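K.L.:
Sequence and predicted structure, then a few things I'm wondering about:
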Amino acid sequence: MTRRKRYAALAVLATAAVAGGILAGAEAGPSEPPVLTDVATANTRSDGYAPWSKLSVELRQVVVAQGSTRLDGGSASPSSVGYYGYDNDTLNAAGQPQMVPTPTTPTEARKTEPDKNTYVVFKNSLSGADPHYYYGTHFLFQGHELGTPGYITRINLDADADHRVTLLATKDVTGANLATIDGSTWEPWAERLLFTTENANAPTYAATPGYPSTVTDVSGALGRGGYEGIQDDSDGNIWIAEDIGGSSKPGTTARIPNSFIYRYVPKTKGDLANGKLQVLQVLNAAGNPITKASQTTPVNSPDQIALHTYGASFKTQWVTIHDTAVDGTAPFQANPLAVAKNGTPFKRPENGVFRPQTGFKEFYFDETGDTNATSPENANGGWTGVFKLRQKDPSADTGTLSLFYKGDAAHAGFDNVTFISRDQISFVEDAGATLHQQRNALDSGFVLNVETNYADPGNQPIRWLAEGRDPSATLDAANGGFGKNEDDNEITGIIVSNGDPGPEGILGAKSPKPFKAGWRWFYTQQHGDNPTYEVIPAEGDGPEGP
């Protein structure tokens, strides 16, 4: 059988399996593309072992940039950066980052961990460090989560190796070093990239996409917090998921929920200086707000148990915590305001996304949880949780919240998220080294169907990626990261997008069509060598379309 015929046969078998409920997580009825075969097991974690990643048989992946990629516009100066995934804090005699310790230099350069990816296609090429080079029109943007200074990069997907990744900025317009960055999105009305810093004291940024990027602090309106996920809606509102781990409940490894879902309502679309910041408030069965205090004691408090019960539904409302028209435009911290106004915290709700073609009426967000197998609250959000928020429109003041999925030891620490079709949503794990060791398994990427009832234990997510561990991360794991680096690899920055820079390109406006009509799929394998991958079909040369 030829390779083409073999994959065609596999696709037919996979489609039949989904229709018959054979694949984990499937229900009877017609399937929608892409149809993916389940990867049976995660990769094990063992000392000195660097397994390769396993993908669904219908997929393969190619590297579009990696940590050692030299930056277009970079510098060897200690006050700047020269490489995609490494700081200049430890360079060898040739001025290149020390990627592997040696007897004479028993340390490593800091690995900067490129994070959330944002894909945008522009009609005209963007500028780069080389004024004579044409950089193409397809770009992938990201901030970096570690190192000094923080910085923003742009992968020029159409460019050659010497111009593949451009350093856009290390400083803001005031000359201050950028903070380290986590989340990102494209704001079509402001025509700016938005970057979050996952730091309660650090700015939220807006940045132009060209070289050099003009970066401004917009936290006088959007606030500062442990922000991570950030997402637009069709009304011009900006939704933000906060990731601040709470303190432990006395004598346990269970964390007090301490992170909120926010919505920024601009005065007019694209206004990043004037507007209201609101926090999501969830009401319990008695009509009272579910607050930080109501989930602090006892362990497995009634409100926390209720929130993590399949079939339960809760009324929600948005509460304004800051209004520039009243409170001014000085940068402010959102978390204490959310606590004071009785917002509802979750266990690290890192990212969220709108279900496509629902008019931005359905918002799905995850909570990463406690990421510890010893947490006594694992059954109630400690492993992980996914919630669905429904509203009559994205600007509605009220809605309903329900639990969509409750994790377990094999599906834990959900972090980044993207829809890969109208009904299929993919979450990738950031379980962390402690939980990796406890369960003897590295991270995975999963696909869930939003029409599936996961209260039925017979329905389980499909694993499309069992992440491996590269030798660099394996070396770090054996040496405590040499005092500055993480160890096991982590999956981050997953995005399926067609790159449309207009309002119709907002994630959730259209149903994704991976590999067709310009829709592309990316993710980054953080830590270690820090490669960013494009996921492509196993059969053929890559995505179709412009």
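P.N.:
Perfect, I can see it now.
K.L.:
low-scoring pLDDT stretches of this structure, where are they?
P.N.:
By pLDDT under 70, the weakly predicted segments of the chain are 1-32, 540-546.
K.L.:
Swap in 90 and give it another go.
P.N.:
Under the criterion pLDDT under 90, the flagged ranges of the chain are 1-34, 77-80, 93, 101-106, 245-246, 539-546.
K.L.:
how does it divide up, domain by domain?
P.N.:
The chain breaks down into these domains under automatic domain parsing: 1-30, 32-537.
K.L.:
For these, please prepare TSV with the additional fields mean neighbour count.
P.N.:
No exception for glycine: its C-beta is placed from N, CA and C like everyone else's. Below are these laid out as TSV (neighbours: other C-beta atoms under 10 Å):
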stretch	mean neighbour count
domain 1-30	14
domain 32-537	20
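K.L.:
sec struct for residue 501, please.
P.N.:
coil (DSSP: H, G, I helix; E, B strand; the rest coil).
K.L.:
just use 21 as the starting number from now, easier for me
P.N.:
New numbering, starting at 21: the last item is residue 521.
K.L.:
Return the residues in contact with it.
P.N.:
140, 141, 142, 206, 208, 211 (C-beta atoms under 8 Å, 6 or more residues apart in numbering).
K.L.:
Dump those to JSON lines, plus secondary structure.
P.N.:
Output for the contacts of residue 521, formatted as JSON lines (three-state DSSP):
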{"residue": "140", "secondary structure": "strand"}
{"residue": "141", "secondary structure": "strand"}
{"residue": "142", "secondary structure": "coil"}
{"residue": "206", "secondary structure": "strand"}
{"residue": "208", "secondary structure": "coil"}
{"residue": "211", "secondary structure": "coil"}
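K.L.:
which of those sit farthest apart?
P.N.:
Maximum pairwise distance in the contacts of residue 521, criterion C-beta to C-beta, is 13.8 Å, between 141 and 211.
K.L.:
before we move on, the earlier item: and of the contacts of residue 521, the nearest to residue 414?
P.N.:
Among these, and counting by C-beta to C-beta, the member closest to residue 414 is residue 208, at 14.4 Å.
K.L.:
Please name the residues that touch the residue lying closest to that closest one once chain neighbours are set aside.
P.N.:
Distances taken as C-beta to C-beta, 6 or more residues apart in numbering put residue 523 closest to residue 208, at 5.0 Å, once the chain neighbours are dropped. With contact set as C-beta under 8 Å, 6+ apart, residue 523 has these partners: 208, 209, 254, 529.
K.L.:
Distance to residue 221 added to those residues, as TSV?
P.N.:
Formatted as TSV, these follow (distance: C-beta to C-beta, whole Å):
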residue	distance to residue 221
208	29
209	28
254	32
529	34
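K.L.:
Greatest separation within the residues you listed: which pair is it?
P.N.:
Greatest spacing in these, by C-beta to C-beta: 209 and 529 (13.6 Å).
K.L.:
about what we covered before: between the contacts of residue 523, which is nearest residue 295?
P.N.:
residue 209 (12.2 Å).
K.L.:
what's the closest of the contacts of residue 523 to residue 194?
P.N.:
Using C-beta to C-beta, residue 209 is the member of the contacts of residue 523 that sits closest to residue 194, with 24.3 Å.
K.L.:
need the contact list for the closest one.
P.N.:
By C-beta under 8 Å, 6+ apart, the contact set of residue 209 is 256, 289, 290, 523.
K.L.:
got these as JSON lines, with distance to residue 495 columns?
P.N.:
Formatted as JSON lines, these follow (distance: C-beta to C-beta, whole Å):
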{"residue": "256", "distance to residue 495": "46"}
{"residue": "289", "distance to residue 495": "48"}
{"residue": "290", "distance to residue 495": "46"}
{"residue": "523", "distance to residue 495": "46"}
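K.L.:
Send me stretch 449-466 as PDB with only the CA atoms.
P.N.:
Taking Å, rounded to 0.1, in the frame of the first residue of the first chain, the C-alpha atoms of stretch 449-466 are listed here in PDB:
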ATOM      1  CA  GLU A 449      -0.900  20.600  29.700                       C
ATOM      2  CA  ASP A 450       1.500  22.400  32.000                       C
ATOM      3  CA  ALA A 451       1.500  19.900  34.800                       C
ATOM      4  CA  GLY A 452       4.900  20.800  36.100                       C
ATOM      5  CA  ALA A 453       7.900  18.800  37.100                       C
ATOM      6  CA  THR A 454       6.400  17.700  40.500                       C
ATOM      7  CA  LEU A 455       3.300  16.200  38.900                       C
ATOM      8  CA  HIS A 456       5.400  14.700  36.100                       C
ATOM      9  CA  GLN A 457       7.400  12.800  38.700                       C
ATOM     10  CA  GLN A 458       4.300  11.900  40.700                       C
ATOM     11  CA  ARG A 459       2.400  10.400  37.800                       C
ATOM     12  CA  ASN A 460       5.600   9.300  35.800                       C
ATOM     13  CA  ALA A 461       4.300  11.100  32.700                       C
ATOM     14  CA  LEU A 462       5.200  14.200  30.700                       C
ATOM     15  CA  ASP A 463       2.700  16.700  29.300                       C
ATOM     16  CA  SER A 464       0.100  16.000  26.600                       C
ATOM     17  CA  GLY A 465      -2.100  17.900  24.200                       C
ATOM     18  CA  PHE A 466      -5.800  16.900  24.100                       C
END
